[in-house]
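In: Here is a sequence with its predicted model. Questions after.
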Amino acid sequence: MTLAASLHLDNFLDMLWLADNLSANTLAAYRRDLTRLEQLLLPYGHNLDTADMPALEQVMLQLIEHDKPSTRARRLSAARRFYHYLCQQKLRDDDPTVHLQAPRLGLRLPGALSEDHVEALLQAPDVDSTLGLRDRALIETLYATGLRVSELVGLTLPQLHLGEGYVRIVGKGNKERLVPLGEVAEDWLRRYLAESRPLILGTARSEDLFVSNRKQAMTRQMAWHLIVKYGRQAGIPPLSPHTLRHAFATHLVNHGADLRVVQLLLGHASLSTTQIYTHVARERLKALHAAHHPRG
């Protein structure tokens, strides 16, 4: 990447951070997507900041062989924001993405995780061990609240209000929401805080809720690894921390929760994002009807 292109990219990311208050993870994703486009543009004689529409069209066609439609759509979205920024800053006279078509995306239904699967996952950690008790509290909290894994590992003790039964979350866009914990998750958290966390920390001090043997907050990667490990141990289909977020929302809708309540709990900015769970519930109802109705 040329010095000019690198400078434009850095300034663009700074703008996103200041204007949209995006997280470090989101900014890193923008950088990866745009850097990937830069790499693919070089054989066509262009840098990221000088690309024209024909070169970008060729790159998007090339990505069909390697990327899923959702990934291509995300990369194109990042490019559109970048070139819009360049035009705003009078660094370009034209936006080469104006006439590029985003790939069609079908309705993406979240992977189904049944309530029995969730129960098996919750039972997987050995709660008689120090780390197993921590992991049980972590998975219980994740399923009880539907938090993003980044929100979960970022929890601190001041955000936890066990007496009132909720956690205070600062999510995407620095938006705050209060999420109920439920009695079961509360009980496991109390036990973890009393029996396990002090042993993990020893003489160290930390305000992070879920801590590792390194005496600091667990990372997203570590939480991901633990959930995958316990999923395999419980014989559950491949899952991720986000699968539990989907399960949280799906099970709420299946049991009659109002969609706007689910939207608030998940921290979705738009109800349209949450509406996917109505399709999940509808598919579940169809399956139950087909399995149990005499005319199914």
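Out: Nice, thanks for sending it over. Residues are numbered from 1 along each chain as shown.
In: Which parts of the chain are strands?
Out: 160-161, 166-170, 176-180 (DSSP state E).
In: So, low pLDDT: which residues of the stretch 51-200 of the chain?
Out: When residues are selected by pLDDT under 70, those of the stretch 51-200 of the chain lie in 104-112, 171-174.
In: residue ranges of the helices in it, please?
Out: Counting by DSSP state H, counting those that start in this stretch, the stretch 51-200 of the chain has helices at residues 53-63, 69-88, 115-123, 130-145, 149-153, 183-191, 197-201.
In: elements contacting the last one?
Out: Read that as helix 197-201. Here helix 197-201 touches helix 130-145, going by 3 or more Cβ pairs under 8 Å, 6 or more residues apart in numbering; DSSP states H and E. In short, each C-beta sits where N, CA and C put it, glycine included.
In: Distance from the chain centre to the helix it packs on, please.
Out: Helix 130-145 sits 18 Å away from the centroid of its parent chain (Cα atoms, centre = their mean, to the nearest Å).
In: Most tightly packed of the strands of the chain?
Out: strand 166-170 (a mean of 18; mean count of other Cβ atoms under 10 Å).
In: strands paired with that one, and their directions?
Out: Here strand 166-170 is paired, per DSSP bridges, with strand 160-161 (antiparallel), strand 176-180 (antiparallel).
In: Out of the ones you listed, which is closest to F210?
Out: For these, proximity to F210 was assessed by Cβ to Cβ; strand 160-161 is nearest, at 10.6 Å.
In: returning to that earlier point: TSV please, covering the strands of the chain and showing distance to L22.
Out: Output for the strands of the chain, formatted as TSV (distance: least, Cβ to Cβ, whole Å):
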stretch	distance to L22
strand 160-161	26
strand 166-170	13
strand 176-180	16
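In: ok so, going back, mind putting the helices of the stretch 51-200 of the chain in JSON lines, mean neighbour count included?
Out: What follows is the helices of the stretch 51-200 of the chain, written out as JSON lines (neighbours: other Cβ atoms under 10 Å):
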{"stretch": "helix 53-63", "mean neighbour count": "17"}
{"stretch": "helix 69-88", "mean neighbour count": "18"}
{"stretch": "helix 115-123", "mean neighbour count": "16"}
{"stretch": "helix 130-145", "mean neighbour count": "23"}
{"stretch": "helix 149-153", "mean neighbour count": "22"}
{"stretch": "helix 183-191", "mean neighbour count": "17"}
{"stretch": "helix 197-201", "mean neighbour count": "16"}
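In: how about TSV for these, with distance to D10 added?
Out: Output for the helices of the stretch 51-200 of the chain, formatted as TSV (distance: least, Cβ to Cβ, whole Å):
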stretch	distance to D10
helix 53-63	21
helix 69-88	12
helix 115-123	42
helix 130-145	35
helix 149-153	23
helix 183-191	41
helix 197-201	38
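In: wait, which of those helices is closest to T219?
Out: Nearest of those (Cβ to Cβ): helix 149-153, 6.4 Å.
In: Show me this structure divided up by domain.
Out: 3-88, 115-292 (automatic domain parsing).
In: how far does the first one sit from the chain's center?
Out: Put plainly, it is domain 3-88. 21 Å.
In: And for the last one?
Out: Using Cα atoms, centre = their mean, the distance from the centre of domain 115-292 to the centre of the chain it belongs to is 12 Å.
In: wait, which of the strands of the chain is closest to R75?
Out: strand 166-170 (28.2 Å).
In: Helix 183-191 and that closest one, what's the angle between them?
Out: Counting by axes from the mean of the first three to the mean of the last three Cα atoms, to 10 degrees, strand 166-170 lies at 80 degrees to helix 183-191.
In: what angle separates strand 166-170 from helix 130-145?
Out: Going by the same axes, to 10 degrees, strand 166-170 makes 80 degrees with helix 130-145.
In: Mind listing residues that contact strand 166-170?
Out: With contacts defined as Cβ atoms under 8 Å, 6 or more residues apart in numbering, strand 166-170 is touched by 141, 145, 147, 151, 155, 159-161, 176-181, 267.
In: of these, closest to A28?
Out: Nearest member of the contacts of strand 166-170 to A28, counting by Cβ to Cβ, is E151, at 16.9 Å.
In: what's the spacing between the nearest residue to D67 once chain neighbours are set aside and Q88?
Out: Take D67 and drop its neighbours on the chain: the residue closest to it by Cβ to Cβ, 6 or more residues apart in numbering is R75, 7.1 Å away. Using Cβ to Cβ, to the nearest Å, R75 is found at 20 Å from Q88.
In: State the phi and psi torsions of H255.
Out: With angles defined as degrees, to the nearest 10, H255 sits at phi -100, psi 10.
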